[in-house]
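> would you be able to build a 3D model of this:
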Amino acid sequence: MMSWKVALALGALCAPGVAATQEGQDGSGLGLRAVRFYRAQGGQTVVDVLCQVPFALLEPVAGRGSPGAYRMTVSVRDSTGLELVSQAWAQTVPERLLRLPRASTVEWVSFGAVQGRYAVTVAVTDSASGRVVRRGTEVAAYAGPPRVSDLLLGTGIRVAGPADTAVGGELRKGNLLIAASHHPMLTPQQSSLAYYLEVYAAQAETAAVTMRVLRPDGSMVVATAPQLVPLGAGGGIARGAVELAGLPPGSYRLEATVARGDTVRQGADFGMTGFETGTAIAGARTAEAADRPRDPFAGMSEAALDTLYMPLVYLMTSDEQGVYPSLTLDGKRNYLRQFWAKRDPTPDTPRNEEQERFYSLITEANRRFGEPAAAAIPGWRTDRGRIFVRYGRPDEVLQRPLEGRTNPYEVWKYTQTRPLKYVFMDLTNFGNYALIWTNDRREPSRPNWEALLGPEAAMDVLRF
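Have a look, this model is predicted:
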């Protein structure tokens, strides 16, 4: 069964990230898209140019077994031909990534423009062969304040902490970091589609935002319930993630409908791969992790080691508890080495698949379940994060936003082994979901869970 998740929130170069290749329609292999945002101060249009560079365009610099490299050049010219932006930078690509099917990287550059039309040209020069691949697009800067910005899509979105910095492929918007792409490709393993949309307003008002997934023929696959987004003077932001587990392979479009007196629609394309291709893409996205040395703990700071240790509370046996905090720095490294060595399903290989799987779940739990009213608490420590790390992605999800007197709640169901059901409720209306009932005897339920839900919602939960 397909499930989806949408969260809306109010809000006021060039590092590569491994992703899927979406070839350009002109056959160049480069994917290119310009996304526009408006800034009232100065009446400027901010343009983010996203370019997908397939590693299939590259050859090893020094022959087989060596890394690849390329030079990226971006040029922006106005309607008279005057060059306004000229940037260039070089990147290297590990040899392992060159061999992965459909692997690519996202490069991006941003520039500001006044009213008019602009020509953007990108060129990728393979350092080994000297071959140059170019692609261009035209951008029209806004003549005045639009109703909404273009829709920016990606494979992840997170709130940046005070000392947080963007990692490979992330684009910053205010306090948000978005793993953006010109054409996101979801996989059965990574099926969450992130979005970011700016809504502009001259005065305070409220907008109802609905997200719809459409097929190429325009027919609807699924739509979310309208969410009310309060806008301040100047506007606000609709952002979040749509969970599309179970979506059949193919091409799709995510369309945002913004209603506030009139109705405005804005959309962007994305794709879903099948299991075989998704496995290849997932391999590309985790290739850097696969290339790490056998001992990943060597050279780590004590703070980094402590960060890796804390989630292990979900896996520890009784004899492993209480030992780590009293150890020296080298002792902590040895503890983590031994902890994961005991759980390595393939000890004769450089990789520890169970260790990679666990920390991948921790990363995703932090991204999906970090709670806005408790920003200092990582997602893995929340109730939803704990269940997610222990049991993985639920097979079915029932989501209920604020309805009448019942606070928002969601129900997770696992059906693959033995039937398990978990009910989480936002008790404070600040996005902090707590586990209130489950049929899992290893987890506590609140005695007043039915009263918290109300009779109709309680029946809804039991029927699900």
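
> so where's this structure uncertain?
Low-confidence regions of the chain, defined by pLDDT under 70, span residues 1-28, 161-169, 274-295, 371-376, 403-404.

> residue closest to the middle of it?
With distances taken as CA atoms, centre = their mean, the residue of the chain nearest its centroid is G156 (0.7 Å).

> three-state assignment of it?
Following DSSP: H, G, I helix; E, B strand; the rest coil, we place G156 in the strand state.

> right, and it touches S181 too?
No. Contact status for G156 versus S181: not in contact, 10.0 Å apart, counting by CB atoms under 8 Å. C-beta here means a position set from N, CA and C on the backbone, and glycine is covered the same way.

> one step back: check contacts around the residue nearest to the centre of the chain.
By CB atoms under 8 Å, 6 or more residues apart in numbering, G156 lies in contact with E170, I178, A179, S192, A194, A241, R367.

> how about the nearest residue to it, chain neighbours excluded?
Taking CB to CB, 6 or more residues apart in numbering as the measure, G156 lies nearest to A179, with 3.9 Å between them; neighbours along the chain are not counted.

> adjacent strands (with direction) for the helix or strand hosting that neighbour?
Here A179 sits within strand 176-180, counting by DSSP states H and E. Each strand that strand 176-180 pairs with, and the sense of that pairing, follows from DSSP bridges: strand 152-159 (antiparallel), strand 170-173 (antiparallel).

> what lines up beside the next helix or strand after that strand in the sheet?
Reading on from strand 176-180 to the C-terminus, the next helix or strand found by DSSP H and E is strand 185-186. Taking DSSP bridges as the criterion, strand 185-186 forms sheet pairs with strand 262-272 (parallel).

> tell me where the stretch 51-200 of the chain has helices.
Across the stretch 51-200 of the chain, reading from the start of the chain, the helices by DSSP state H, counting those that start in this stretch fall at 95-98.

> make TSV out of the strands paired with strand 176-180 and add distance to D217.
Formatted as TSV, the entries for the strands paired with strand 176-180 read as follows, by distance: least, CB to CB, whole Å:
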stretch	distance to D217
strand 152-159	20
strand 170-173	31
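
> just the endpoints, please. Distance across stretch 146-160?
Distance between the two ends of stretch 146-160: 27 Å, counting by CA to CA, to the nearest Å.

> measure the residue nearest to G156 to R253 for me?
For A179, the distance to R253 (CB to CB, to the nearest Å) stands at 19 Å.

> which residues sit against the host helix or strand of N334?
Of the helices and strands defined by DSSP H and E, N334 is found in helix 329-341. Among residues not part of helix 329-341, those counted as contacts by CB under 8 Å, 6+ apart are 295, 297-298, 300, 302, 305-306, 308-309, 312, 320, 323-324, 327, 347, 352, 354-355.

> residues in contact with the nearest residue to L244 once chain neighbours are set aside?
Counting by CB to CB, 6+ apart, the nearest residue to L244 once its immediate chain neighbours are dropped is S191, at 5.0 Å. By CB under 8 Å, 6+ apart, the contact set of S191 is E243, L244, A245, G246, L247, M272.

> closest one of those residues to L402?
Distances from L402 to the contacts of S191, taken as CB to CB, are shortest for E243 (19.3 Å).

> coming back round to it: of the strands paired with strand 176-180, which stretch is the most buried?
Ranked by average neighbour count under the criterion mean count of other CB atoms under 10 Å, the strands paired with strand 176-180 are headed by strand 152-159 at a mean of 24.

> isn't M72 right next to E107, touching?
Yes. Between M72 and E107 there is a contact at 5.4 Å, judged by CB under 8 Å.

> name the residues contacting each of the two.
Residues within reach of M72 and of E107 at once, by CB under 8 Å, 6+ apart, are C14, C51, V53, Q91, V122.

> now the residues you listed in JSON lines, with distance to A268 and neighbour count?
Shown next, in JSON lines, are these (distance: CB to CB, whole Å; neighbours: other CB atoms under 10 Å):
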{"residue": "C14", "distance to A268": "21", "neighbour count": "16"}
{"residue": "C51", "distance to A268": "16", "neighbour count": "26"}
{"residue": "V53", "distance to A268": "20", "neighbour count": "24"}
{"residue": "Q91", "distance to A268": "25", "neighbour count": "18"}
{"residue": "V122", "distance to A268": "19", "neighbour count": "23"}
